[in-house]
Structure formats: C-alpha cells, structure tokens
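A.B. asks: return a 3D structure for these sequence lines:
(chains A and B)
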There are 2 protein chains.
Amino acid sequence: MSAESDFHALMARIARDPAARSLADDAAVLAVGGERLVLTKDMLVEGVHFLPDDPPGDVAWKLVAVNLSDVAAKGARPLGVLLGYSLRGAAWDRAFAEGLASCLDAFGLLLLGGDTVSLSARGGAVLSLTAIGAAGAATPARDGVQPGDQLWVSGSIGDAGAGLAVLRGELQGGEALVRRYRNPRPRLEAGQRLAPLVTAMMDVSDGLLIDAGRMAAASGLAVQIELASLPLSEAFLAALGDDRAARIRAATAGDDYELLFAAPHQRATQLLGLSQELGVALTPIGAFATGAGLSLTYEGAPTALPERLGYEHAPQTQP
Amino acid sequence: MSAESDFHALMARIARDPAARSLADDAAVLAVGGERLVLTKDMLVEGVHFLPDDPPGDVAWKLVAVNLSDVAAKGARPLGVLLGYSLRGAAWDRAFAEGLASCLDAFGLLLLGGDTVSLSARGGAVLSLTAIGAAGAATPARDGVQPGDQLWVSGSIGDAGAGLAVLRGELQGGEALVRRYRNPRPRLEAGQRLAPLVTAMMDVSDGLLIDAGRMAAASGLAVQIELASLPLSEAFLAALGDDRAARIRAATAGDDYELLFAAPHQRATQLLGLSQELGVALTPIGAFATGAGLSLTYEGAPTALPERLGYEHAPQTQP
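C.D. replies: Numbers count the residues shown, from 1 in each chain, chains lettered A, B, ... in the order given. Below is the predicted model of the structure:
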C-alpha cells in the first residue's frame, strides 16, 4: 500500500454519500435543483506531473484538460473552473495566465474564482483546479459493465507517452506526439454523445491496461484486451513501429486522455455511426466476462501481461 | 503591487462572466437549472496559514471553516467539498483525515472528491479545498451598499488574533481565544437568515478595517467605523483590556470569520430581533456615506487610522 492509497482509504470511509461515488470514479455527481452537476479536482505538481522547463502556457492547458477529461468521461458539459495557484515568478505567472485564458476560451469555460498562495522558498509550483459541469440524465460510472459488453476506446493510444519520450530525448518522433503530451484534447463532445449509449465510461489517464483493469474490478468482471486492436496513430507507428512491444508500450504509457467505455454488442453499429459523425475513432478493443482480472491476447493468442500496467499513483478523483 | 495582486489582475481580466463577480467577491455565484450555486476555493499553506505544530485535526477544521465562511457570506447552505491534499506523513495524514471527518459531520457536509499528491522532499503541506453551496434568491455581493446604510458585524472581533498571540507566547489569555483561532465557526445559519435583509455581505478574514474598506470601495462609498462599538468578547477584554489600542488590535487582527454586512437604518429592529432569535450578536459599528475611504471615530471623536489595516495578501476568492 502506498501512502496515497492509505490516505485514499481513509477518505473513502468519509465519503459515504452516493454523490461521491465512493471516490472510485472520475468525478462526483451531485443532484442540485433538477440538474446533475459533475465536480472534479486534479492537482499538478512541478517535477511530478510536469517538467520545470515545460512552457507555462502548456502547463495551464494541461491543468484544465486533465480536469475536463474527467468531466467528459461523465458525459457532462463543462461550465467553469476554480484555480488554486502558487506564484512562481512574474514572467512564468504571466505566461501561465495567458495560456489559461486561451485554454478557457477554446473550451468556452468560465473562470469562476480560486485562490493564490506563495510557497516562497520551496521550489516548484503546486497547481490545483476544480471543474464543474452539467450532465444530462446519463452520467456513466465505472461500475456498470455487464458480462459480454465490449470494451471500446476513443482516438489513439500511446501518443502522449511517446511525446514525453521525444521531449526527454529518448525517442525520435514527430511534433504531433509532443503536442499530444503537452496539449491533450479532452473528448467533451464524444463524452456527451456516448453517455446515453454506454454501460460504463472513464478516461484513460494512467495507462490503458491499468485503467481497463480498474473498470473491470469496479464492475466485478474480467476483461480481455486484444493488443492488435489498439488504435495507434500514424505518428506513433512511424516512431515506434508495430509489434507486440510497441503495443504494450502504448497500452501502459498513460496521459492519453481518451475515453474508455463499455457497451453491449448490439450497440456496435450505432457506435461506429457516431464515430463517423464525430470524426473521432471509436474502436472495440476487448470484451468483459464473468470472473476477475485482466488478460491480453495478441493476434488472437494469449500473451503475458507486462510487469507495469500504467501509473500506480492514486486515480485522479481520489483525495 | 504584490506578486499576488499582479496575478490577480491578470486573472480578473480572464474572469469576465458575471458569475465570477470579477473575482472581487468571497465566492462565485453560478445559476444552474433554477438553482444558484455558490462556489469558493481557499488554500492553506503550512508556515503561512497554519503553524507546523498545529494539531492536524485543527488544520482540517480550519481548511473547511474558512471556505464555509465564504459560503455563509453569500447566504448559502453548504452541500459538499472537494479536497486537494499533499501527503505529509502517515500519522499526520491519519489525524488530518479524522479531523476532516468530524468537521464534515459537524457541518453536515459531503466529501465529494479531490486529489492527493506527494510533494516529497519539499517541506510543508499545501492544502486546497473547494466548497459548493446552494443559495436562495438573495446572494449578497460586496458592492450593493447604499449611502446611509449601517455597517454591522456578527459575533465578536479580535478573538482569533489574540488566540494566535497566546499560542506564540506573546499574550496571556484563555483557551477560548485559542479555540477561536484554531476552530473558527462559520456563521452559516446567520448568513442564510441575513442574506435577504442586507445590501452587501462578506466575511471578515483579513481584518475588520481592511475588509470594511473593501466593501466600501466595491460599493463606491466612504465608511466610518466607531471603535467603541466593536463587539469584544469577555475573553478578549480579560486578556487585553478595553482601550483604543486594544480595539485597534481587534479591528486589524484577522481570522475572525464573522459576517460583515450593510443594511438600511430601517432594518435595525428586525436585525436585532434576528440576533435574539439566533443567539448570535449582531452589532451596528458604523455607517456608509457618499465619498470614498475609511475613517474611524473613538467615543465619537475622529481618530487616526492605524498603519496596518489587516492582512494584505490577496482576498480569498482571488486566484
């Protein structure tokens, strides 16, 4: 047990109301005056979640995007954000503010309030954002999967992880990969359209395999994923090729901010139609069954799980 | 201009929607589905807002209470909170969690979600809380005061500041003062009852004089305060006596988390009746007039402003 999971266990005992979803979901869902509000809060720490020399505007973008990805996963329309900001230096602060402004503009979001503190001598920024959204009737949780449901993922997987490797000088690769790492695009429209069609939905932040395992565990089911089905981008394939190792790398990289969802087989045609309409790939990559645990196949044959399934830090809604 | 006020000016340019109240109020007020939601976010930094050897349960209490005080000042009923937590060590974390649980119980609040991070080597906790509340039709801002309105304050002023001095060994005083510093009680019921009766309301967090000056400035008016009218507790009077210096000290100490509000003269009888009903002192301490600025009287005679009016850090809703 890590210190984070210890603390999370303490918090989950406090968060007994259904609105908190036992802190085991991407966001809280609160009924207020006939509306369903979605609330989520994620923090970014310099040196942990972003690099000290990342452009401040990109850090602002990421702070907003990772929260909106949780809002998207609950099928909600984001309304606004509250910012918790630690001052870092006048030039950095100004660049951050400009990046924040353009990001909020891009997503049509309100800056509602927040707080600013000075951490003075202690190096590194500690940033926090709360996002609030309004959902329709459907706010899919992680635990609604039924045996036989297919597992689907939006977009492409592994690009952001490859982009981070490019930034670290460990990989030759295109600018598109770096953009996926620095400027993730939360799947807001897709989330709202998918919400009524799925039995469970979450975003992929810590790695496809670890997140799919969490969805299966929350639903009390087993999940099997076909590595060859994972949607990989042209930029990823150009940088890393297409073999089992590259696909394992994509499936464990994290920072994808794609939507991972479950739906009955009978929905497949409707989902592929929606994919066409939105211009966003929606790809079936596996299936759920009774039992427990995560297993992999590669081109139809069983294949071993990697040692590391993704990032093991506490999932993002967990305090 | 401090770095905080520089950054706040950048943020205020971004926060153009009326819901954000130009970041110049205690909280944002957002209309959602026929309800009015109040949203506020405050951070506490170890070594800045609390002392490293403060009991962790009291830190949890204060983190919740300072946010609820903003909710109270907008006349709202708090619904729940989201916590941003930096791990500090297993024993401290556990004591914090217990304190948080009992505080949330005491106020009937939900823990809705949050995020946990590790700041590892960097000393000191950085805590953040977002509180959400539901308001009725009246959500008083700071800027609604009319010329001739009286200025009122709830409870007693200066106790928390005296309690901090006791903890620092600078003052001999009773436990009641320390409790006011460590366990502030947000005026939730009073806030909800006062909201329809007042022209402006805010909480006193940085010091009565500085906060009253902010209300006057937001309303484009002058305010005059009679020092002899300030409500002082028996514990405060026992520790510091009753003279001009003691009253200036109370008026500039901060951390009171009382309600400061404005109302027309004709409301006075109704307000005093409400005070009786709630068992909470409500005291008229001054009056607003056309013009600008803050002035003081002591027993009817004009008296000079102190050099420092309160804490000059950015007000709490300002990112």
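
A.B. asks: use CA for all of it now, contacts and neighbours both
C.D. replies: OK.

A.B. asks: residues touching the nearest residue to residue A:154 once chain neighbours are set aside, list them.
C.D. replies: Distances taken as CA to CA, 6 or more residues apart in numbering or on different chains place residue A:282 nearest to residue A:154, at 4.5 Å, with adjacent residues excluded. Under the criterion of CA atoms under 8 Å, 6 or more residues apart in numbering or on different chains, the contact list for residue A:282 reads A:152, A:153, A:154, A:155, A:271, A:272, A:275.

A.B. asks: gap between residue A:282 and chain B?
C.D. replies: Distance of residue A:282 to chain B, computed by CA to the nearest CA, to the nearest Å: 29 Å.

A.B. asks: which phi and psi does that residue have?
C.D. replies: When read as degrees, to the nearest 10, the backbone of residue A:282 gives phi -130, psi 120.

A.B. asks: hmm, back to that, so which of the contacts of residue A:282 sit within helices?
C.D. replies: A:271, A:272, A:275 (DSSP state H).

A.B. asks: Produce a PyMOL select command limited to the buried residues of those.
C.D. replies: A single PyMOL command is used to select the members of these judged buried by 16 or more other CA atoms under 10 Å in any protein chain shown:
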select buried, chain A and resi 271+272+275
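
A.B. asks: what's the closest of the ones in helices among the contacts of residue A:282 to residue B:101?
C.D. replies: residue A:271 (42.9 Å; CA to CA).

A.B. asks: against residue A:232, how distant is the closest residue in space to that closest one that isn't next to it in sequence?
C.D. replies: Nearest in space to residue A:271, with sequence neighbours left out and distances taken as CA to CA, 6+ apart, is residue A:282 at 7.2 Å. With distances taken as CA to CA, to the nearest Å, residue A:282 is found 12 Å from residue A:232.

A.B. asks: ok, residue A:139 next?
C.D. replies: In this view, residue A:139 and residue A:232 are 28 Å apart by CA to CA.

A.B. asks: same check, this time on residue A:134
C.D. replies: Applying CA to CA to residue A:134 and residue A:232 gives a distance of 32 Å.

A.B. asks: and if you look at residue A:303?
C.D. replies: Separation of residue A:303 from residue A:232 (CA to CA) stands at 19 Å.

A.B. asks: what about the two, which has more around it?
C.D. replies: More crowded of residue A:303 and residue A:232, by other CA atoms under 10 Å in any protein chain shown: residue A:232, with 20 against 14.

A.B. asks: contact partners for the more buried one?
C.D. replies: Applying CA under 8 Å, 6+ apart to residue A:232 gives the contacts A:156, A:157, A:158, A:159, A:250.

A.B. asks: leaving out chain neighbours, which residue sits closest to the fourth one?
C.D. replies: In this case it means residue A:159. residue A:177 (5.2 Å).

A.B. asks: residue A:296 is in what secondary structure piece?
C.D. replies: strand A:293-298 (DSSP states H and E).

A.B. asks: next SSE after that strand?
C.D. replies: Going down the chain from strand A:293-298, the next helix or strand is strand A:301-303, by DSSP H and E.

A.B. asks: now do the strands in the stretch 51-200 of chain A.
C.D. replies: For the stretch 51-200 of chain A, the strands defined by DSSP state E, counting those that start in this stretch cover A:76-87, A:110-118, A:126-135, A:150-154, A:200-204.

A.B. asks: which one of the ones in helices among the contacts of residue A:282 sits closest to residue A:65?
C.D. replies: When these are compared against residue A:65 (criterion: CA to CA), the nearest one is residue A:275, at 21.4 Å.

A.B. asks: report the contact partners of the closest one.
C.D. replies: Per CA under 8 Å, 6+ apart, neighbours of residue A:275: A:281, A:282.

A.B. asks: how close does it sit to residue B:216?
C.D. replies: 56 Å.

A.B. asks: one more: residue A:18?
C.D. replies: 43 Å.

A.B. asks: about what we covered before: residue B:111 is nearest to which of the strands of the stretch 51-200 of chain A?
C.D. replies: strand A:126-135 (13.9 Å).

A.B. asks: quick one, that closest one and strand B:126-135 angle?
C.D. replies: Here the directions of strand A:126-135 and strand B:126-135 differ by 30 degrees (axes from the mean of the first three to the mean of the last three CA atoms, to 10 degrees).
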